[in-house]
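Peer 1: Give me a 3D structure for the following:
(2 chains)
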Amino acid sequence: DAKTTQPNSMESNEEEPVHLPCNHSTISGTDYIHWYRQLPSQGPEYVIHGLTSNVNNRMASLAIAEDRKSSTLILHRATLRDAAVYYCILVLYGGSQGNLIFGKGTKLSVKP
Amino acid sequence: DSGVTQTPKHLITATGQRVTLRCSPRSGDLSVYWYQQSLDQGLQFLIQYYNGEERAKGNILERFSAQQFPDLHSELNLSSLELGDSALYFCASSGTGVISYNSPLHFGNGTRLTVT
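Peer 2: Next comes the predicted model:
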């Protein structure tokens, strides 16, 4: 499986935008980029996914580099509730493995 | 609320014992996944069931086993417990047998197992 690299931790101020980077230089053409986050004392939750084009949903935006070797999860206005560990995961749709492989993720702290 | 229910929330037991963790997937989801999360290992995939059949296996110990029942709920059985088995155990479900854009994983809030 292609691997991802994320910073161990990041800090943000409340109500400011946050850009969480992810490098995936060995991504294949059929790998989708998924983001999950895990709030304290909870299970991971799906945030967003994309293949080539930038994507927006009610939770966040995903900006994907033209060469697809990196991507950035954008939280437009961080709230205290966004403090969590954010995981960037590559997923091969229809592959024989149906599971997600989680790395260490980025621990986001949000200051009031 | 993800719709995935795990019981119990906490479990404390002694070494050598056996426990059963239970998971009810989201309504309509056919796949159930089990993950283990410990401080030093992070989230590790254990096993996946799809519509009652084992679909994929990860780093699951021989002392651990799982099954998915006809009503699609799943149980993870952990036996001959060791101190190192203390961890959070998460169950997740999805609508299909593989991850796809319209079938992400939905996780429960986990069972915290403490082995003393």
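Peer 1: low-scoring stretches of chain A, by residue?
Peer 2: Applying pLDDT under 70 to chain A flags the ranges A:1-2, A:93-98.
Peer 1: Where do the strands of it begin and end?
Peer 2: Using DSSP state E, the strands of chain A run over A:9-13, A:18-23, A:31-38, A:45-50, A:55-56, A:61-64, A:70-75, A:84-92, A:106-111.
Peer 1: Out of those strands, which is closest to chain B?
Peer 2: Closest approach to chain B among these is made by strand A:45-50 (3.9 Å; CB to the nearest CB). For glycine as for every other residue, the C-beta is placed from the backbone atoms N, C-alpha and C.
Peer 1: Run through who's touching that closest one.
Peer 2: Contact with strand A:45-50 is made by A:32-39, A:55, A:57, A:59-62, A:64, A:71, A:73, A:86, A:91, B:2, B:101, B:104-107, as judged by CB atoms under 8 Å, 6 or more residues apart in numbering or on different chains.
Peer 1: so where does the most centrally placed residue in chain B fall, helix or strand?
Peer 2: Nearest residue to the geometric centre of chain B (CA atoms, centre = their mean): residue B:34, 2.8 Å. According to DSSP states H and E, residue B:34 maps onto strand B:31-38.
Peer 1: Give the rounded mean pLDDT of that strand.
Peer 2: Across strand B:31-38, the average pLDDT comes to 94.
Peer 1: by how many degrees do that strand and strand A:31-38 diverge?
Peer 2: Computed by axes from the mean of the first three to the mean of the last three CA atoms, to 10 degrees, the angle separating strand B:31-38 from strand A:31-38 equals 60 degrees.
Peer 1: Now the helix or strand following strand B:31-38 - C-alpha only, CSV.
Peer 2: Later in the chain than strand B:31-38, the nearest helix or strand by DSSP H and E is strand B:42-50. Only the C-alpha atoms of strand B:42-50 are listed here, as CSV (Å, rounded to 0.1, in the frame of the first residue of the first chain):
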residue,chain,number,x,y,z
GLY,B,42,-1.9,3.3,16.8
LEU,B,43,-4.9,1.9,15.0
GLN,B,44,-4.3,-1.6,13.8
PHE,B,45,-6.8,-3.5,11.5
LEU,B,46,-7.7,-6.9,13.0
ILE,B,47,-10.4,-8.5,10.8
GLN,B,48,-13.3,-7.8,8.5
TYR,B,49,-16.5,-9.7,7.9
TYR,B,50,-18.9,-9.2,5.0
